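> Model the following, please.
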Amino acid sequence: MSAPATLSQPPVQLTLPRPVPQQRFRTPKKNIPQTPQERNMVLLAARAYVEREKPVPPLPQDELAKHADLLVAKLGLDPIYRDYVGVLINNELWRETLAAVPFERRLLLIPKCLRIESKCPAPFDEFGLLCKQCGLCSIQDLQLEAERLGYAVLVAEGSAIVMSLIQTGKIEAIVGVSCLSVLERAFPYMEAAAVPGVAVPLLQDDCIDTTVDLDWVWDYIHLTSDDRTRRMDLGALREEVDFWFTPLTLDAVMGAPVGEPERIAREWLQRAGKRWRPFLTVAAYQALQSEPGAPVPDSLKKIAVAVECFHKASLIHDDIEDGDASRYGEATLHEEYGIPVALNVGDLLIGEGYRLLSESAFGSEERVQMLQVAARGQRALCRGQGTELAWTRSPRPLTSVEVMEIFELKTAPAFEVALQLGALAAGVEAHEEISPVLETYSRALGIAYQIRDDLEDHTGGLSGAPDDVSGMRPSVVLSAGWERAQGDAKATLEACWKRTGGFSAEAIRAACVESGALERSQDLLERYKEEAIRSLGELENASLKGLLRRVLGKIFNDTEIKGWCKEFENKELAQ
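Presented below is the predicted three-dimensional model:
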């Protein structure tokens with residue numbers, strides 16, 4: 001976006017990634033866990049169950065059902081979840097075996113019902129669908145990525161075809177995508193052949209125009225024994241990082257606070273927050289170690305706390321510049337202590353961040369580059385915030401591309417700084433090889449993260465967070481709404497962009513819904529998530545690649561499985 005005349009900076013050239021497959025949604029049902037948190041709980045429980053009980057694969061179907069019943073009872077789940085739990089247990093049984101099988105000895109089995117049936121141009125032969133790479137559905141992305149890795153790929157249903165491939169002896173493991181009813185029918189053949197197989201259930205009922213959790217599929221098709229982080233407990237790592245921001249641990253890392261400004265700064269560091277940025281620093285470092293699960297060195301804690309110092313300082317200054325009165329459900333720092341004190345504390349935290357970087361025990365070359373990375377990130381953030389502030393002096397409607405160019409400067413640098421610092425902590429040589437990928441990944445991640453925040457402003461997903469709708473600040477949802485709206489909705493959004501007042505936040509949200517802005521923004525979110533995934537294709541380090549792929553899924557873990565296949569339901573009703 002070309003900056004207003006009040007800012008002298010070169011324009012940022014931002015190109016939208018290519019469209020992602022069309023999304024289709026169904027009405028949620030109650031026969032499997034409905035939220036990502038519940039499903040993750042069941043997955044972790046299945047993993048712990050397999051590690052504890054150590055059942056030996058292949059398990060006959062009746063034995064697998066017994067294990068599923070035991071876990072369902074232990075977790076207090078509805079018995080209707082048994083088949084879903086059985087799939088998770090079976091996946092965990094074969095997970096390590098699958099990881100040891102070379103990609104070129106694996107089969108990816110994709111159902112043809114992932115296509116958009118009314119628009120799909122692909123023909124069929126005796127082996128299944130011949131994808132035309134039209135980009136309308138997820139089949140293209142899954143097939144291209146799997147074949148790039150070396151997989152055999154089959155877009156078809158039918159146990160006979162799978163068995164014929166198994167009997168050739170060229171297939172040693174299968175990653176299958178299917179509805180639970182088909183998985184149930186195919187299971188005896190897999191068990192009889194003792195072929196390692198993991199399965200990903202489809203997300204909707206009906207046998208046409210379905211979708212699948214792409215994060216789950218990508219995790220499995222990239223699973224390799226070369227990835228030393230694949231068993232790393234990211235949840236436990238986040239909890240450990242969060243613990244570093246308790247009073248005693250902060251004092252151990254930073255030294256005891258001296259004077260009132262430092263006391264206030266420490267209290268602000270301890271306040272709520274997702275701590276994604278320091279977590280990314282530690283995760284990147286760990287992925288580049290020969291033993292990723294080893295204890296975190298104290299010097300890395302300094303780097304991680306420095307990253308949070310920079311982030312929390314930016315929030316203090318943003319809240320002042322945007323006039324926000326609350327954050328984390330509490331008064332902002334300038335509301336509590338006044339603007340002069342808040343400005344001073346923000347500046348102090350920036351200084352603390354640079355102090356921690358310079359005082360870490362890493363080599364002199366690593367520390368110099370760390371300071372340079374942090375300085376570049378700080379400069380980019382200020383340029384982005386400056387562009388937004390210049391807009392407030394002469395507000396006008398911004399296009400989606402213009403808004404995302406601000407995001408690229410304001411939000412993406414913090415993620416890049418976090419990852420680059422973690423990589424530098426692992427050594428300059430390791431960092432040089434992966435730095436360009438981290439830059440591309442961070443850019444896409446940061447933009448996607450901000451789009452997700454904008455969507456949550458319209459759906460009420462962020463309690464206690466500043467609201468760009470009520471604050472009439474640049475938002476990709478508002479820009480998408482203004483670009484698409486007509487009539488009264490267009491007038492409402494035009495007035496919002498020009499900050500002329502006379503309308504409510506509810507009216508703005510209604511205009512965005514009417515114009516299809518939420519759907520457009522969701523599509524952009526998926527595009528940038530996909531761009532982040534694709535950027536990892538250039539990484540040769542399997543551990544870092546696998547970890548960053550899982551981190552992306554953890555940050556944006558919002559896909560819900562919504563029901564069984566209608567064929568399965570009809571069978572159940574007939575019994």
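
> Can you point out the helix or strand that includes the nearest residue to Phe556 once chain neighbours are set aside?
Nearest non-adjacent residue to Phe556, counting by C-beta to C-beta, 6 or more residues apart in numbering: Lys529, 5.9 Å away. Backbone N, C-alpha and C define where each C-beta goes, glycine included. Using DSSP states H and E, Lys529 sits within helix 517-535.

> Can you name every helix or strand that that helix contacts?
Counting contacts by 3 or more C-beta pairs under 8 Å, 6 or more residues apart in numbering; DSSP states H and E, helix 517-535 packs against helix 400-410, helix 428-459, helix 476-484, helix 542-555.

> most neighbours per residue, which of those helices?
Burial among the helices and strands packed on helix 517-535, expressed as mean neighbours by mean count of other C-beta atoms under 10 Å, is greatest for helix 476-484, which shows a mean of 25.

> what's the model's confidence in that helix, averaged?
The predicted model assigns helix 476-484 a mean pLDDT of 92.

> CA atoms only for it, dumped as CSV, please.
C-alpha atoms of helix 476-484 as CSV (Å, rounded to 0.1, in the frame of the first residue of the first chain):
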residue,chain,number,x,y,z
VAL,A,476,-10.1,-7.0,6.8
VAL,A,477,-13.7,-7.8,7.5
LEU,A,478,-14.7,-4.1,7.2
SER,A,479,-12.7,-3.8,4.0
ALA,A,480,-14.3,-7.0,2.5
GLY,A,481,-17.7,-5.7,3.5
TRP,A,482,-17.1,-2.3,1.9
GLU,A,483,-15.8,-3.9,-1.3
ARG,A,484,-18.9,-6.1,-1.6
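
> Got the confidence number for the residue nearest to Phe556?
pLDDT, read off for Lys529, is 89.

> and if you look at Arg18?
According to the prediction, Arg18 has pLDDT 51.

> Residue ranges in the chain under the pLDDT threshold?
Applying pLDDT under 70 to the chain flags residues 1-37, 114-137, 157-169, 180-193, 203-211, 460-471, 557-575.

> wait, isn't Asp83 in contact with Leu64?
No. Taking contacts as C-beta atoms under 8 Å, Asp83 lies outside contact range of Leu64: 9.8 Å.

> Among the two, which residue is more densely surrounded?
The neighbour comparison of Asp83 against Leu64 (other C-beta atoms under 10 Å) goes to Leu64, with 23 against 19.

> Does that one touch Gly86 like I think?
Yes. Using C-beta under 8 Å, Leu64 is in contact with Gly86, at 5.2 Å.

> As PDB, could you dump the C-alpha coordinates of the helix or strand encompassing Pro413?
Assessed by DSSP H and E, Pro413 sits inside helix 412-425. Output of helix 412-425 as PDB, limited to C-alpha atoms (Å, rounded to 0.1, in the frame of the first residue of the first chain):
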ATOM      1  CA  ALA A 412       3.900 -10.600  11.000                       C
ATOM      2  CA  PRO A 413       7.300  -9.200  12.300                       C
ATOM      3  CA  ALA A 414       6.600 -10.300  15.900                       C
ATOM      4  CA  PHE A 415       6.200 -13.900  14.800                       C
ATOM      5  CA  GLU A 416       9.300 -13.700  12.600                       C
ATOM      6  CA  VAL A 417      11.400 -12.200  15.300                       C
ATOM      7  CA  ALA A 418      10.300 -15.000  17.700                       C
ATOM      8  CA  LEU A 419      11.200 -17.700  15.200                       C
ATOM      9  CA  GLN A 420      14.400 -16.200  13.900                       C
ATOM     10  CA  LEU A 421      15.700 -15.600  17.500                       C
ATOM     11  CA  GLY A 422      15.000 -19.300  18.400                       C
ATOM     12  CA  ALA A 423      16.800 -20.400  15.300                       C
ATOM     13  CA  LEU A 424      19.800 -18.100  16.000                       C
ATOM     14  CA  ALA A 425      20.000 -19.500  19.500                       C
END
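
> Which strands or helices does that helix pack on?
Applying 3+ C-beta pairs under 8 Å, 6+ apart, one finds that helix 412-425 contacts helix 276-287, helix 298-322, helix 364-393, helix 428-459.

> could these go into JSON lines alongside distance to Ala100?
Formatted as JSON lines, the helices and strands packed on helix 412-425 follow (distance: least, C-beta to C-beta, whole Å):
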{"stretch": "helix 276-287", "distance to Ala100": "20"}
{"stretch": "helix 298-322", "distance to Ala100": "31"}
{"stretch": "helix 364-393", "distance to Ala100": "35"}
{"stretch": "helix 428-459", "distance to Ala100": "25"}
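
> Which parts of the stretch 101-250 of the chain are strands?
Secondary structure of the stretch 101-250 of the chain by DSSP state E, counting those that start in this stretch: the strands cover 106-110, 124-125, 128-129, 152-155, 173-178, 197-201.

> can you list those strands in CSV and add mean neighbour count?
Below are those laid out as CSV (neighbours: other C-beta atoms under 10 Å):
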stretch, mean neighbour count
strand 106-110, 24
strand 124-125, 10
strand 128-129, 20
strand 152-155, 20
strand 173-178, 24
strand 197-201, 25
